[in-house]
Structures are given as C-alpha cells and as structure tokens.
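Enquirer: predicted model and sequence below, questions to follow.
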Amino acid sequence: MLIKPGPLLSKIDSPADLKKLDQTQLVQICDELRQYIVDNVSVYGGHFGASLGVVEMTVAIHYIFNTPTDQLVWDVGHQAYGHKILTGRRDNFHTNRLYKGLSGFPKRKESEYDTFGVGHSSTSISGALGMAIANQYKKDDRQHIAVIGDGAMTGGLAFEGMNHAGSTNANLLIILNDNCMSIDPNVGALKDYLTDVTTSGTYNKVKDDVWKLLSKFSKFGKSAQEIISKVEHSMKAMLLKQSNLFESLNLRYFGPVDGHDVHHLTHVLNDLKNIPGPKILHCVTVKGKGYKPAEEGNATKWHAPGKFDKVTGEVFKKVHDKPQPPKYQDVFGHTLVELAEKNDKIMGVTPAMPSGSSMNIMMKAMPERAFDVGIAEQHAVTFSAGLATQGLMPFCNIYSTFMQRAYDQVIHDVCIQDLPVNFCLDRAGFAGADGPTHHGAYDIAYMRCIPNMILAAPMNEAELRNMMYTAQLPREGQAFTIRYPRGTGVMPEWKTEMEKMTIGTGRKISEGEDLAILTLGHIGNYAIEAKEMLKGTGANPAHYDMRFVKPLDEELLHDIFRNYKKVITVEDGCIVGGFGSAVLEFMAANNYSAQVKILGIPDRIVEHGTQLELHAECGFDPSGIAETVKQMLGVKATTPYASN
C-alpha cells in the first residue's frame, strides 16, 4: 500500500523544489511532511518520535541552506526521516528499513544529501568540523550544519568535537535539538543545565536583543564583531550563571528558540549564515510533536513503536494461541534482579539503553543499584571497573555494536587490571532493520583476543540464566562477557532453576555420524532445525553447543577431531577472527587434519533486513546449514527442504 503525500509535498523532489514555495506555505509543508511520516510508519513500522520532533527544523534547514553544497550532518540518524523524504526519496520511503530498501539512517551511498553516515550517536560535530576544515583548506565556501540531539550531546565525542571547533574559525553551525530524550529520558548534569537555560526568564528576555545587535554589527568587520561578541558573552554570563558552558569552548551560543516555529527558525538560520566562525543554536523541541499519543504518552514507547493504528494510537501486537518465549533482554533484566536480591554486591550499568536492554527492571526495583549513565559507553565501562575495584560485581549491559566504542576501556581499565566486570552484550549478531551500524558482528573477534577475558554465548534462556548465575559468583579477576541476540528465545517456560556452569565447557546436543556441527549461542537452534530437514537424506550430523569461545572446551574438541574428519562451525559473528577461527587455531596447534567449513558473517558490510533474511543471505539459516552438510557429505538434494 503506497501512501499518498499531500498536495505540496507531492511536488517536492528535492530541496530546490522546496525553495520555490512562498514562506507562507512552510507551515503547510511541515504539516504534510509530518502526516506523511505518521502515515508511513504506522503502516510499515520504523522509528517515529525523533523525526516528528524535527520536522520544522528539517524544512527550515533545507529552505535556507543550499544543500547538498552546504553540508548537513545528522546525529542519531533516526531523526532524518523528513530529510530523506525531502531529498528525492519520498516515493521509495515505504521501503525504509525493509530488505534491499532504503536505510533507516543517513547513508552516503544512498544519497548525495547524506553527507555522513550515522547510526551511533555524538559524531556529527566532529564529522562536520572535518568537512568545514577541509573546505576551508580548499578555499571552498560552504556552510556546514551539524544537527545533534536525542541525547547525543551526552556522548564524550560531542565535547571533543566542540573543544576542537572552538579553537578554529571554521564555518560550522551546531544545532542542538533539545527534547530531553534519547530513547529513554535524558539523564545527568547536562540535562539539568539545558533545563536551566530554557527556563531562565531574565535570560530569555534579553538574549534576543543581544542577538539582533550581533547580526547588525557583523557587516562592519572583524573589530566590531569582536566588540559585540565580548558584550554578548558578558551579558549572558551575568544573566545566567552557567551560560558559559558552550561559550567557554569559544562557541557563540544562540537560543533557546522554539524548534517548532518554522517561520522564526528560517529567520534565525538566515541570520546565522552571516555570522562567521563556530556557533551553536539551541532549539527546544518535543519528541513526537504533532501526533498526540506520542506527545502525551510514553515517549520511550513511541521511539519505535512498530505498526500502529494512526487514528487510535493502538500499537498492533501479534496474538498467539499459546505461550511465547520471552525476549533475551527481558530474561536478562528479570534474572539480574533475581540474582541481585540474593547478592548485594551486584550493580547494574547501562549507557542510555535501560528499556532496550531491560536494565529498567532493576532500575525500578533497586534504583540505588542500577545506573543509566547516558550515551557514554566509555564511561560505562570505566565506571564499572571502578565499582569492581571496591569489591562490587557490576553487570554492564551494552549493545554489541556500542561496545565497540568502549574497546580501549575494556582493555586498559578492565582486563589489564584483571577486574571481574561482567559485560552483557545485547543485540549480538544481526540487529535486523537497523542495519550495519547496529549489527553486533565483531564482538566475538574483538573480545576473544583480550587476555583476562571469558567469552560465552547461551543457546537458550536457561543457558543465559546459568551464565549470569556463574558470572556473579566470586572469582579472581577476569572479565566475563555474555553475548545474546535481539529478539526471542525458544523457551516459553524460561524461569528455570539456575545452576553453576563450569567455565570453558561445551555440551553434546545430539549424536551423529561422519560430520560434526559446532555452534555458538542461539544460532545452535538453527542446527537443530537443520537436522530435522536432513531426515530421510542419509545425512545425520552430530551437534555440539560449544557455549564458550574463551576458554574453549579443549577436551571436547579433542574428542570431536579424533572422531570426525568433517566439521562445520556456525556463529552469528564475523568469520574473520571469530569462533570458527578459534576452532581452526586449536586444530592446527594440536596437529589435527579435518575439512572445516566456517559459517558466519562474511568479510563485507551486510545491509539491513530481518534477521532471518540476513542469516539466509549469509548461508547460516537452517536451510543454509542443511545445504552445507549435504555438500560436504555429497548427499543429493532429495528432500522438500533442499535449496533451489
């Protein structure tokens, strides 16, 4: 079902078409753009509240600036739906986040208007500053705009970028989209500071006059600009005690302004074009603006609600006739509380993903023992290390893809110091429609090479509970990483009695002949399905769930290589340096000889789609595993499950 755009929006194929509109039509185009986003996301799913909150900002930027010559960088890319629709992708927007369709985030290969790819946060200022300095060096006169918001300003990289920008005369405009939210509500002192700025009546009464003076005097040359800038800084410091946060970094601060007043925004942006140097515009917005249930309801729920009834606001949920397995994240959340009730040393830490990781369950039950530290993965890891030095047992829950941002801290602050920090990596493997910026493809490879690290993956909910139980028991040093995928497990009756697991041990799932399948984590359930598919073909592989990548179960591997000359390893991580590589290293070190096939994520960027679509593309879905078994054993395709 194709969504029909409004009469004005139907004529906008590029920002050049937008500029043809009279300014009096901008409110209407904002209304149509907002409605088009509501119509599409309600039918096809996707991120929601963030893009609704920047509709007026998006229209104003493309109306005033000459994009793509003027370079626009989005931070936290799920804000950019309106941007995509206005830049030639309106008629394909229904494919957003679908397999082979548009990416849900800005992507350089997709459009010249997407000047910088983004999925993680806090990168826009550094990226846009690099562009500005490059074009300054080339004497290429362009504007550079970084839109940062949805909590991204709490990331340390944003401050690193601002610190550098303030020491330059780069032509850079930072637009702070201040909606007090990331996915969950923002936390920390910065949120409190921005609230002080937006609610200071005295400051807001005077700042407009200061702004107008600066704009008028800017045409009289550098000396006049310097005088006005000093006056501006002094007045702001006098009116608002904390107003030097940005200006102490030598960024001219303007605002706060209403981020939903498109006429005022266009006026402001037009003025700022003529003010040289690095500057920041503070826009106050409402996440989910223009859609009442999102504005007045649970903002976290409306971040990415899935398909919903746009009239009633009812989010559609599948109705099942029997109990369903829980999400792995919820098993983690409930199990952590269960363990913490019996072990007062357990602490919970997450960087801005309490609902996504289900750390919010512990935050509600034990608020003094669970911490959302904001979009600050490096801090989350080192903070956890600090807790561990004092004899506590931190469970630091970070999405696999975001753990990449804290890799240095894992090595230096945890493993070199041999501290018993537990890392629970959610969204390991393919993240689905969020695509390559969110895929947890590399954690097996980058974690297993670090000394003082235990690395495991559960095949089901009971195994996750047992690994968490084992991880919270006293041990001498060593970090413990548990990785698990996005989505549901396989056990509707998941709340099993927890047992201590012997670290570095695997298990045999089923007997077989001629060939052994070695799996790691949830993907082992695919091997069980593959064996069912192979019934009647003559192929009957053995199946082993290895559970630990580090340390490997060497006793079990000796037994496997003594009995099987054909081995398949299966993992939902990168093939290069991953679980299969570890098995090959063992085989070589112990002088075994076998035909080994590694199934996993290939050495290329895999785009977005459902998890099963991407597993099939990479050849390790159930059918792909079954087909590999048949190929290695020389079995002809004689079953209805055979690949075409």
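Expert: Received the coordinates, thanks.
Enquirer: skipping adjacent residues, who's closest to residue 26 in space?
Expert: Nearest in space to residue 26, with sequence neighbours left out and distances taken as CB to CB, 6 or more residues apart in numbering, is residue 262 at 4.7 Å. For glycine as for every other residue, the C-beta is placed from the backbone atoms N, C-alpha and C.
Enquirer: again, but for residue 503
Expert: Residue nearest to residue 503 in three dimensions, not counting chain neighbours: residue 454, with 5.9 Å by CB to CB, 6+ apart.
Enquirer: measure that neighbour to residue 349 for me?
Expert: Between residue 454 and residue 349 the computed distance is 18 Å (CB to CB, to the nearest Å).
Enquirer: can you tell me the SS state at residue 425?
Expert: With DSSP: H, G, I helix; E, B strand; the rest coil as the basis, the three-state label of residue 425 is strand.
Enquirer: next, work out how far apart it and residue 293 are.
Expert: Relative to residue 293, and taking CB to CB, residue 425 is found at 33 Å.
Enquirer: between the two, who's got more neighbours?
Expert: Neighbour tally, residue 425 and residue 293, criterion other CB atoms under 10 Å: the higher count belongs to residue 425, 26 against 18.
Enquirer: since we're on the residue nearest to residue 26, how many residues are nearby?
Expert: 21.
Enquirer: what does the one 4 residues further on give?
Expert: Residue neighbour count, defined by other CB under 10 Å, stands at 18 for residue 266.
Enquirer: separation between it and residue 31?
Expert: Counting by CB to CB, the gap from residue 266 to residue 31 is 16 Å.
Enquirer: circling back to that earlier point, so how far is residue 492 from the residue nearest to residue 26?
Expert: Using CB to CB, residue 262 is found at 50 Å from residue 492.
Enquirer: the residue nearest to residue 26 contacts residue 27, correct?
Expert: Yes: in this structure residue 262 lies within contact range of residue 27 using CB atoms under 8 Å: 6.1 Å.
Enquirer: do you know the pLDDT at residue 241?
Expert: The predicted local distance difference test score for residue 241 is 46.
Enquirer: typed the wrong thing, it's residue 324
Expert: Predicted confidence (pLDDT) for residue 324: 92.
Enquirer: would you agree it is in contact with residue 488?
Expert: Yes: assessed by CB under 8 Å, residue 324 is found in contact with residue 488 at 6.7 Å.
Enquirer: name the residues that touch stretch 84-97?
Expert: Under the criterion CB atoms under 8 Å, 6 or more residues apart in numbering, residues 1-3, 5, 9, 12-15, 18, 33, 36-37, 40, 43-46, 58-59, 62, 67, 81, 101-104, 106, 110-111, 113-114, 433-435, 608 lie in contact with stretch 84-97.
Enquirer: one more: stretch 582-589?
Expert: With contacts defined as CB under 8 Å, 6+ apart, stretch 582-589 is touched by 448, 518, 549-550, 552, 554, 557, 561, 567, 569, 593-594, 596, 598.
Enquirer: ok, now stretch 608-625?
Expert: Counting by CB under 8 Å, 6+ apart, the neighbours of stretch 608-625 from elsewhere in the structure are 97-101, 103-104, 429-430, 432-436, 485-487, 517, 523, 526-527, 529-530, 533, 568, 570-572, 599-602, 606, 627-628, 641, 643.
Enquirer: I only care about those residues that end up buried; give me the PyMOL line for that.
Expert: Here the buried members of the contacts of stretch 608-625 are turned into a PyMOL selection, burial being counted by 16 or more other CB atoms under 10 Å:
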select buried, resi 97+98+99+101+103+104+429+430+432+433+434+435+436+485+486+487+517+523+526+527+530+533+568+570+571+572+599+600+601+606+627+628+641
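Enquirer: out of the contacts of stretch 608-625, list just those in helices.
Expert: Among the contacts of stretch 608-625, the residues falling in helices (DSSP state H) are 526, 527, 529, 530, 533, 627, 628.
Enquirer: wait, doesn't the fifth one sit right on residue 626?
Expert: In this case it means residue 533. Yes: because the distance of 4.3 Å satisfies CB under 8 Å, residue 533 is recorded as touching residue 626.
Enquirer: state the distance from the nearest residue to residue 403 once chain neighbours are set aside to residue 486.
Expert: Spatially, and ignoring its direct neighbours in sequence, residue 403 is nearest to residue 425 (5.8 Å; CB to CB, 6+ apart). For residue 425, the distance to residue 486 equals 11 Å [CB to CB].
Enquirer: swap in residue 567?
Expert: Applying CB to CB, the value for residue 567 to residue 486 is 28 Å.
Enquirer: again, but for residue 382
Expert: With distances taken as CB to CB, residue 382 is found 26 Å from residue 486.
Enquirer: swap in residue 122?
Expert: 22 Å.
Enquirer: then residue 254?
Expert: Counting by CB to CB, the gap from residue 254 to residue 486 is 40 Å.
Enquirer: same check on residue 408?
Expert: 26 Å.
Enquirer: what do you get for residue 4?
Expert: Between residue 4 and residue 486 the distance is 33 Å, computed by CB to CB.
Enquirer: pLDDT weak spots in this protein?
Expert: Filtered on pLDDT under 70, the chain yields the residue ranges 1, 150, 181-244, 637-644.
Enquirer: and it, what are its domains?
Expert: 9-200+240-292, 328-483, 507-633 (automatic domain parsing).
Enquirer: show me what contacts the residue lying closest to residue 70 once chain neighbours are set aside?
Expert: Residue nearest to residue 70 in three dimensions, not counting chain neighbours: residue 143, with 3.9 Å by CB to CB, 6+ apart. Contacts of residue 143 were listed using CB under 8 Å, 6+ apart, and they are 65, 66, 70, 71, 171, 173, 273.
Enquirer: distance check, residue 143 against residue 268.
Expert: Noted for residue 143: a distance of 14 Å to residue 268, by CB to CB.
Enquirer: now swap in residue 131 and tell me
Expert: Residue 131 is 22 Å from residue 268, where distance means CB to CB.
Enquirer: run the chain-centre distance for stretch 366-383.
Expert: 17 Å (CA atoms, centre = their mean, to the nearest Å).
Enquirer: meant to ask about stretch 566-573
Expert: The gap between where stretch 566-573 is centred and where its chain is centred comes out at 27 Å by CA atoms, centre = their mean.
Enquirer: beta-bridge partners for the residue nearest to residue 503, please?
Expert: Listed by DSSP bridges, the beta-bridge partners for residue 454 are residue 480.
Enquirer: where's it relative to residue 420, distance?
Expert: In this structure, residue 454 lies at 10 Å from residue 420, with CB to CB as the measure.
Enquirer: just list the residues touching residue 551, thanks.
Expert: Shown in contact with residue 551 (CB under 8 Å, 6+ apart): 454, 503, 504.
Enquirer: wait, the second one sits on residue 548?
Expert: Going back to what we said before, that points to residue 503. Yes: if you go by CB under 8 Å, residue 503 and residue 548 touch, sitting 6.7 Å apart.
Enquirer: mind listing the helices for the stretch 251-400 of the chain?
Expert: According to DSSP state H, counting those that start in this stretch, the stretch 251-400 of the chain carries its helices in the segments 262-272, 292-296, 328-340, 354-357, 360-365, 377-389, 400-403.
Enquirer: so which of those helices is the most packed in?
Expert: Here the criterion is mean neighbour count by mean count of other CB atoms under 10 Å, and of the helices of the stretch 251-400 of the chain the winner is helix 400-403, at a mean of 26.
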